[in-house]
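A.B. asks: any chance you could fold what I've pasted below:
(one chain, ligands or ions: 1)
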Amino acid sequence: MMSSDGSSPAVRVRDLRVDRGGRPVLHGLGFEVPRGSVVGLLGPSGCGKTTLMRAVVGVQIVKGGEVTVLGLPAGSAGLRRRVGYATQSPAVYADLTVRENMRYFAAVLGAPRSDADRVIDEVGLGRHRGQVAGTLSGGQLSRANLAVALLGTPELLVLDEPTVGLDPVLRQELWELFRELADRGATLLVSSHVMDEAVRTDRLLLMREGRILADGAPESLRDRTGAADLEGAFLHLITEGAGGGATAAEGSAA
Ligand SMILES: Nc1ncnc2c1ncn2[C@@H]1O[C@H](COP(=O)(O)OP(=O)(O)OP(=O)(O)O)[C@@H](O)[C@H]1O
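C.D. replies: Residues are numbered from 1 along each chain as shown. Next comes the predicted model:
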């Protein structure tokens with residue numbers, strides 16, 4: 001019996017298999033995301049990060065396996081307002097101002113109207129409130145996209161490469177925001193292909209070619225492989241995997 005109370009993990013994936021374009025993309029992977037944590041999903045371009053996130057938010061047709069979110073099957077109606085998803089392509093309307101966009105999406109999601117200004121401030125777009133979204137810079141646009149996902153204070157945030165194209169200062173500010181949100185009880189699943197962002201996570205899922213190569217705290221993955229940094233740890237794990245080594249899982253139910 002599934003429970004949607006606070007005792008279940010934020011995300012539980014078991015034996016997930018997905019085909020896209022007639023080709024297997026996810027090959028029976030599994031993991032758990034504990035509540036209140038910042039989990040990084042890292043891996044090279046094309047390894048299946050977006051596909052996995054789509055399955056978690058319930059918009060991906062899956063071939064087999066189980067995806068449970070906050071104790072309910074992924075995509076359940078009851079999860080609509082409890083899960084925020086920021087895709088890689090901006091969701092905002094180019095001909096509306098930042099504030100008009102947030103008010104519109106707040107209304108659609110049933111979030112309080114006052115949320116519009118809160119999320120604008122959280123992503124640091126206060127000075128651009130009245131600016132038409134179509135005239136924002138690339139980095140500002142991705143922050144506006146992130147702001148939409150924060151409306152309604154979702155319990156789980158699924159963020160697909162939210163820091164792509166941002167300068168190092170903004171990236172740092174956003175990771176600080178992710179930490180603050182987790183400290184307030186939210187769970188974040190954040191994808192990236194930038195290894196230096198991995199150290200900011202509580203837990204890392206290293207993905208390659210549709211499989212979870214390793215699952216654990218960044219420092220434990222580094223220590224376990226004896227590598228100087230996470231980039232080195234990832235390369236070590238790839239070599240180990242190629243040699244038939246087992247997936248490195250620490251405290252994982254995968
Ligand atoms: N609509 C689609 N039709 C066919 N194949 C697809 C489709 N979408 C994705 N794929 C393929 O599925 C695989 C995984 O893609 P996915 O977008 O999940 O990777 P990713 O790790 O998120 O990549 P990136 O970091 O570049 O965004 C890729 O080989 C991709 O070409």
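A.B. asks: show me the contacts for Arg80.
C.D. replies: Taking C-beta atoms under 8 Å, 6 or more residues apart in numbering, we find Arg80 in contact with Leu109. C-beta: built from backbone N, CA, C; applies to glycine.
A.B. asks: kindly report the same for Val190.
C.D. replies: Val190 is in contact with Val38, Val39, Gly40, Leu41, Leu157, Leu159, Pro162, Phe178, Thr201, counting by C-beta under 8 Å, 6+ apart.
A.B. asks: ok, the third one touching Met207?
C.D. replies: To tie it back to what came earlier, the one meant is Gly40. No: here Gly40 lies out of contact with Met207, judged by C-beta atoms under 8 Å, at a distance of 10.2 Å.
A.B. asks: so who does Gly130 touch?
C.D. replies: Per C-beta under 8 Å, 6+ apart, neighbours of Gly130: Thr97, Val98, Arg99.
A.B. asks: and these as CSV, adding secondary structure?
C.D. replies: Output for those, formatted as CSV (DSSP: H, G, I helix; E, B strand; the rest coil):
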residue, secondary structure
Thr97, strand
Val98, helix
Arg99, helix
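A.B. asks: out of these, who has the most neighbours?
C.D. replies: Most neighbours among those, by other C-beta atoms under 10 Å: Val98, with 27 neighbours.
A.B. asks: pLDDT score assigned to the residue of the stretch 101-250 of the chain found nearest the ligand?
C.D. replies: Among all residues of the stretch 101-250 of the chain, His193 sits closest to the ligand, at 5.4 Å; criterion: C-beta to the nearest ligand atom. On pLDDT, His193 comes in at 78.
A.B. asks: tally of neighbours for it?
C.D. replies: Per other C-beta under 10 Å, the neighbour tally for His193 reads 16.
A.B. asks: drop anything exposed from the contacts of Val190.
C.D. replies: Buried members of these, counted by 16 or more other C-beta atoms under 10 Å: Val38, Val39, Gly40, Leu41, Leu157, Leu159, Pro162, Phe178, Thr201.
A.B. asks: list the contacts of the fourth one.
C.D. replies: Listed by C-beta under 8 Å, 6+ apart, the contact partners of Leu41 are Lys49, Leu52, Met53, Leu189, Val190, Ser191, Ser192, Leu205, Met207.
A.B. asks: before we move on, back to that, now tabulate the contacts of Gly130 in JSON lines and tack on pLDDT and distance to Leu29.
C.D. replies: Shown next, in JSON lines, are the contacts of Gly130 (pLDDT from 0 to 100; distance: C-beta to C-beta, whole Å):
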{"residue": "Thr97", "pLDDT": "98", "distance to Leu29": "41"}
{"residue": "Val98", "pLDDT": "98", "distance to Leu29": "37"}
{"residue": "Arg99", "pLDDT": "98", "distance to Leu29": "40"}
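A.B. asks: I'd like those as TSV, with distance to the ligand appended.
C.D. replies: Listed next are these as TSV, based on distance: C-beta to the nearest ligand atom, whole Å:
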residue	distance to the ligand
Thr97	29
Val98	25
Arg99	30
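A.B. asks: make JSON lines out of these and add distance to Ala106.
C.D. replies: Putting the contacts of Gly130 into JSON lines (distance: C-beta to C-beta, whole Å) gives the following:
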{"residue": "Thr97", "distance to Ala106": "14"}
{"residue": "Val98", "distance to Ala106": "12"}
{"residue": "Arg99", "distance to Ala106": "10"}
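A.B. asks: which one of the buried ones among the contacts of Val190 sits closest to Leu136?
C.D. replies: Pro162 (15.2 Å; C-beta to C-beta).
A.B. asks: now the closest one: closest residue in space, sequence neighbours ignored.
C.D. replies: Leu146 (5.2 Å; C-beta to C-beta, 6 or more residues apart in numbering).
A.B. asks: what about that neighbour, neighbour count?
C.D. replies: Leu146: 24 surrounding residues under other C-beta under 10 Å.
A.B. asks: and what of Val56?
C.D. replies: Neighbour tally, Val56, other C-beta under 10 Å: 24.
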